[in-house]
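Q: My questions are about this predicted structure, shown below with the sequence.
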Amino acid sequence: MTKRWLASLWLLAIILPWQAQALIIEITGGTEAALPIAIVPFGGEGFSAPEDISAVIQNDLSRSGRFAPLPAADLISQPHEKSEINFKDWRLLRSEGLLVGKVSSLDGETYQVQFQLFDVYKGQQLVGKRYQVPASGLRRLAHQISDQVYQALTGEIGVFSTRLAFVSVINNADGSKRYTLQVSDSDGANPRTVLQSKQPILSPNWASDGERLAYVSFENGKAEVFVQEMRSGRRNSVAAFKGLNSAPAWSPDGKRLALTLSKAGNPEIYILELASGKLSRVTHNSQAIDTEAVWMPNSRELLFTSDRGGRPQIYKVSVDGGRAKRVTFEGRYNASPDISVDGRTLAMVHGLNGKFYIAVQDLETGAVQVLTESGRDESPSFAPNGRVILYATEKKGHGELAAVSVDGRIHQRLGESGRDVREPAWSPIRK
Amino acid sequence: MKLLKLTAVLLTLTWLSGCSTLGGTKDSDASAGSDVVVEDRNADTNGIDGDNASGSNIDDGAETQVIVGDDQYLGGDVLDDPNSPLSNRVVYFEYDSSSVREEDLTTLEAHAAYLGENLNVTIRLVGHTDERGSREYNLALGERRALAIRQILMLQGASIKQFQVTSFGEERADVEGHDESAWNQNRRVELNYVGR
C-alpha cells in the first residue's frame, strides 16, 4: 500500500444546507390494512414552538403505511396529558393508540417536549418521555418520537429518524450536468448537498455508524472510491487503482469496505481494511464481471452480481474467497443485491423481457416476488428495519425515488421537480 | 512534382490545424477534475466520423486528398484522413454484449495497423453502455467492451503500452433518450487518440 493513496486528501466537500429542494412524498396506494391511531395536536404547538411536532409524527406514521391517523375532526377532545384523558370516550373511536403531548419554550432557545402514548383499551401508558432540545432539534425529536410510537405499537424498530443519501443531477442549459450527493431526513425534508461535481457520482453507501458515506466519483476522469465523514465533510480517496474502482459496501463493523476493482485486468471483488490499507481479493474469475458486493449481516459472506454463468445473477461467497454459490435462478437478469437486516430477504433488480423491476427473494425458500411495475426500476436499498425498500425509478424521462413495502402493498413516490434523482441509500439506525 | 508535394503538405497542415480546433479533446489529466470533456469529444467525433458528414472540414480534407492524386498519401498523418477507416472512432455493441460486430472489423484492423506502426501513439478506449439495468454492472460492462476492443487491436499489432482503458458505464449517454434508437447509439466504445 503506497502512502499516496492512503494520504488523506482533504478535498473540499461543499456543504450547502437548505440549498436543495425537498422531496415530495406521496403514498400511492395500499394502506387499507393500516392501524388507526389518534394523534392529538400537542399542547403549546402553533405559538410556542417553530415545528409542528405532532404533524411531523402524523406524517411519519401515515407514510409508513402501517398506520392510519384519525382525521382531526374525529378527535373527541384535545388532552395533553393522562389526567385529561377519559379513556371510556376514546374507546368508542376504535383506535387502540392515543398519542398526546405538549411543548413549551423554556428560554426562547430551548424547548421542553413531552409525549405519552396510551393503550386506550387498557387505559395504560405504553411509552412516555420528556426532552429538552434546541429549536433546531425539534424536527429530529419528532422523528424519534415517531420511532418510539411505531415500535411500541408494531414491535418493530422505527426508521423515521434515519436519513437518505441520493444523487441528484441538474441538467444545465448548456448541456452540461451538475451532480450532487445529497443527504435528507427519511421523509425527504432537510436535503443538503454534501458533495457536488461536474462528473458523475455513484453508489453511495452508509457505514453502520451513520456518520460516513462511501461513494464512487469520476472527478479524476475515472471511477474512484471515496469515503466522506458527514459531520466534518472531510473526505479521503480510498481506492484509485488502475481500472475500475467502484461499488463500495461497508462491512457491518464499519472497518472494511468491499469494493470492485479491475486493477488485475477484470472486475473482481476485494475487501479493503481501512485502518491498515490491507487489500484482500475475494473473487477470482477472470472471464466474468464480479461487482456490487453487499455484506451478509453475519459479516462472513458477501452477495454480489456476476455474469459468470453468461448473464448477471446474484451469488454468495465467503469473505475469505473460495467457491461462489449462485443464489438467483428466476429470470435472465438479477443484479444490485441488497439484504435485509435479518439476512433473510434479498432485494434486487430483476430483468423481465427487457424491463427492470425491484423484486425480493426469500433466501430460505427461494421464492421471488416482483414488487414494482414501472419496468425502469433500479438501485434497491432496504430500510434499516427491513420493512421498506427505497429504489430509483424513472417517470417522464426524469429519475425519481420511490419506496415499496417488502410485501409490495404500499407504494410511495419521492418526487423532486426538475431534477434527476437516483442512487438512493437508506442510512442505518443512528445509535 | 516537388511543388505539388509541398502544396499537398501545406494543405494537409491547414486541414490538420482546422481539425485540431474542431477536436480539442482534453484527455484525462488527473489534476483538476477537468478530465474527459465529452462535449469536446463529441465535436471530434462528428467532425471526423465519415458517417456523420456534417462538418465542412471533411470537404476540405477530401479536397486535400484529391490534389495529392493517385500518389500515395503524403506528408500528413493518415489518422487525419477522413476517408480512412481510421476516421471511425466509435464502435457500437449489441445489448449486454461486448462482442465486436463484423462490420467494425475493418475499422479496428486499420487502427491496429496504425498503432502497430506508431508505437509512440497512445489511444484511450472509453466504454459506455445504455441506461438499462444496474449502473455498477454497466460500469463493468463498459470496461469489458473497451477491453474487447483492446484485445482485438493487440492481436493485430498494437502494444499494451499504447492503451488507456476507461469506462463510464451508462453515465455518459451520447444520445439522451429512453428508447431503442438512443440505446443503440449509447452502447459504444470511443477510440480517442491521446494528444490529438
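A: Thanks, I have the structure now. Residues are numbered from 1 along each chain as shown, chains lettered A, B, ... in the order given.

Q: what about the residue of the stretch 151-300 of chain A found nearest chain B, how many neighbours?
A: Nearest to chain B, among the residues of the stretch 151-300 of chain A, is A:Gly221, at 3.2 Å (C-beta to the nearest C-beta). To be clear about C-beta, it is placed using only N, CA and C from the backbone, and glycine gets the same treatment. Using other C-beta atoms under 10 Å in any protein chain shown, A:Gly221 has 23 neighbouring residues.

Q: Then the one 10 residues further on?
A: Here the number of neighbours of A:Arg231 (other C-beta under 10 Å) works out to 7.

Q: any idea how far A:Asn205 is from the nearest residue to A:Gln116 once chain neighbours are set aside?
A: In space, and not counting its chain neighbours, A:Gln116 is closest to A:Gly128: 3.8 Å by C-beta to C-beta, 6 or more residues apart in numbering or on different chains. Shown here: A:Gly128 relative to A:Asn205, a distance of 37 Å by C-beta to C-beta, to the nearest Å.

Q: B:Ala112 too?
A: For B:Ala112, the distance to A:Asn205 - C-beta to C-beta - is 40 Å.

Q: Lowest-scoring secondary structure element of chain A by mean pLDDT?
A: Within chain A, no helix or strand scores below strand A:16-17, which has a mean of 34 by mean pLDDT, DSSP states H and E.

Q: A:Ala142: what secondary structure?
A: helix (DSSP: H, G, I helix; E, B strand; the rest coil).

Q: one step back: surely the residue of the stretch 151-300 of chain A closest to chain B and B:Thr166 touch.
A: Yes - applying C-beta atoms under 8 Å, one finds A:Gly221 in contact with B:Thr166, separated by 7.0 Å.

Q: Show me chain A divided up by domain.
A: As given by automatic domain parsing, the domain ranges for chain A are A:3-20+A:162-426, A:31-154.

Q: Name the residues linked to A:Phe304 by a beta bridge.
A: A:Phe304 has these beta-bridge partners by DSSP bridges: A:Tyr315.

Q: Likewise for A:Gln228?
A: A:Leu213, A:Arg235.

Q: cool, A:Gln412 as well?
A: Bridge pairing for A:Gln412 - DSSP bridges - gives A:Ile27, A:Ala403.

Q: For burial, what's the neighbour tally of it?
A: Residues near A:Gln412, counting by other C-beta under 10 Å: 21.

Q: measure it to chain B for me?
A: Per C-beta to the nearest C-beta, to the nearest Å, A:Gln412 is found 22 Å from chain B.

Q: in the stretch 251-400 of chain A, which spans are strands?
A: Here the stretch 251-400 of chain A has its strands, by DSSP state E, counting those that start in this stretch, at A:256-261, A:268-273, A:279-281, A:290-295, A:301-306, A:313-318, A:321-326, A:333-339, A:345-352, A:355-362, A:368-370, A:378-382, A:388-395, A:398-405.

Q: ditto for chain B
A: With DSSP state E as the criterion, chain B has strands at B:90-92, B:123-128, B:163-169, B:188-193.

Q: got the contact list for A:Gln148?
A: Listed by C-beta atoms under 8 Å, 6 or more residues apart in numbering or on different chains, the contact set of A:Gln148 reads A:117, A:127, A:129, A:158.

Q: In the chain, where is pLDDT below threshold?
A: Answering for chain A, as no chain was given. The model of chain A has pLDDT under 70 over residues A:1-32, A:46-49, A:415-418, A:431.

Q: Switch to chain B, please.
A: Low-confidence segments of chain B (pLDDT under 70): B:1-76.
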